[in-house]
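Peer 1: Need coordinates for the following:
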Amino acid sequence: QVQLAESGGGLVQSGGSLRVSCTASGSIFSISVMGWYRRAPGKQRELVATITSGGNTNYADSVKGRFTISRDNAKKMVTLQMNSLKPDDTAAYYCNANIRPLGTYSNRDYWGQGTQVTVSS
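Peer 2: Okay, here's the model as predicted:
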């Protein structure tokens, strides 16, 4: 069974920084793209950032220059460093990973349980 466990998040003042991390565990053959999405109250889920196994990154325009996504393939971990946080960044942040489980021949998306990030003004 494959699981994604998130850590980090919390409450910070506007302009501050937070880090969220996510580790995949279980019967994993390979992981392709890992990333972070967020859902603010009353809004749809949106992509924040993704990173491939080779290190290619993609960011939402709203976070470019402020957020940095990184990945440790050996630890099966993805981290999102969030700087210059704004109240608009307040949301539940969800880890996502496209994983091929052991004993299978196809990838599927897995999601973490979500971690809350709250930025006060």
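
Peer 1: Please determine how far the residue nearest in space to the middle of the chain is located from Cys22.
Peer 2: Nearest residue to the geometric centre of the chain (Cα atoms, centre = their mean): Trp36, 2.6 Å. In this view, Trp36 and Cys22 are 8 Å apart by Cβ to Cβ, to the nearest Å. To be clear about C-beta, it is placed using only N, CA and C from the backbone, and glycine gets the same treatment.

Peer 1: Identify the contacts common to these two.
Peer 2: Here Trp36 and Cys22 have Val78, Cys95 as joint contacts, going by Cβ atoms under 8 Å, 6 or more residues apart in numbering.

Peer 1: picking up where we left off before, show me which residues of the host helix or strand of the residue nearest to the centre of the chain are buried.
Peer 2: Assigned by DSSP states H and E, Trp36 belongs to strand 28-39. Residues of strand 28-39 classed as buried by neighbour count (16 or more other Cβ atoms under 10 Å): Ile28, Ile31, Val33, Met34, Gly35, Trp36, Tyr37, Arg38.

Peer 1: What helices and strands are in contact with that strand?
Peer 2: When contacts are defined as 3 or more Cβ pairs under 8 Å, 6 or more residues apart in numbering; DSSP states H and E, strand 28-39 sits against strand 18-25, strand 46-51, strand 67-72, strand 77-82, strand 91-101.

Peer 1: Pull up the pairing partners for the last one, direction included.
Peer 2: Spelled out, it's strand 91-101. Take DSSP bridges as the rule and strand 91-101 pairs in its sheet with strand 28-39 (antiparallel), strand 108-111 (antiparallel), strand 115-120 (antiparallel).
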